[in-house]
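Colleague: got a predicted model here, sequence first, then my questions.
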Amino acid sequence: MNSPNIADIYTEYHTKVLSYITARVNSRSDAEDLCSDVFEKVQLKLSTYDSTKAALGTWIYSITRNCVIDFYRRSRPSEELDEQLPSDDEVDDGILRDETLTELAAALSTLPDELKTIIVYRYYDGRPLTEIAKMMGLSYGATKLRHNSALELLRRAMSA
């Protein structure tokens, strides 16, 4: 999507967003309300979306996740968040286009911390592998191998 519009975004992401929220909120009506909130925020913030910083799906995922967190903060301040709620850094843009957010979060949770960190830096922060290598104190070759290994593990987990 070069110039995303809200109708196309809604069509592409509504089912994924609603599924993600429904898996984390007990009430179907609350999930639908939150889904509406997500797309309202997407529409309001669409002019601030920067495709050089994150893929559209990653950006929408962040808004969705924050809406769920805000819901729990507002409605149940004494109740802890679900431990299954993945953090912002558990997103792989390539898989996000084809799989639900819930399945992606589950797949990412299976990665060792080092591999998860590489995926986060690469896809969520948009950093090149050379920069990631320096940040992690690894050679470029080792970082590239671990990156490829992480992607392969994610593919396996997603297909399982």
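Modeller: Arrived safely.
Colleague: for the residue of the chain most remote from its centre, what are its contacts?
Modeller: Distance from the C-alpha centroid of the chain peaks at S139, with 27.3 Å (Cα atoms, centre = their mean). Contacts for S139 (Cβ atoms under 8 Å, 6 or more residues apart in numbering) come out as A133. To be clear about C-beta, it is placed using only N, CA and C from the backbone, and glycine gets the same treatment.
Colleague: how close does it sit to A133?
Modeller: 6 Å (Cβ to Cβ, to the nearest Å).
Colleague: and for H14?
Modeller: For H14, the distance to A133 equals 38 Å [Cβ to Cβ].
Colleague: of those two, who's got more company?
Modeller: Under the criterion of other Cβ atoms under 10 Å, the comparison of H14 against A133 puts A133 first, with 21 against 13.
Colleague: correct me, but that one touches T143?
Modeller: Yes. Using Cβ atoms under 8 Å, A133 is in contact with T143, at 3.9 Å.
Colleague: on the C-terminal side of the helix or strand of the chain with the lowest mean pLDDT, identify the next helix or strand.
Modeller: Between all helices and strands in the chain, the lowest mean by mean pLDDT, DSSP states H and E belongs to helix 93-96, at a mean of 43. Using DSSP states H and E, the helix or strand that directly follows helix 93-96 along the chain is helix 101-109.
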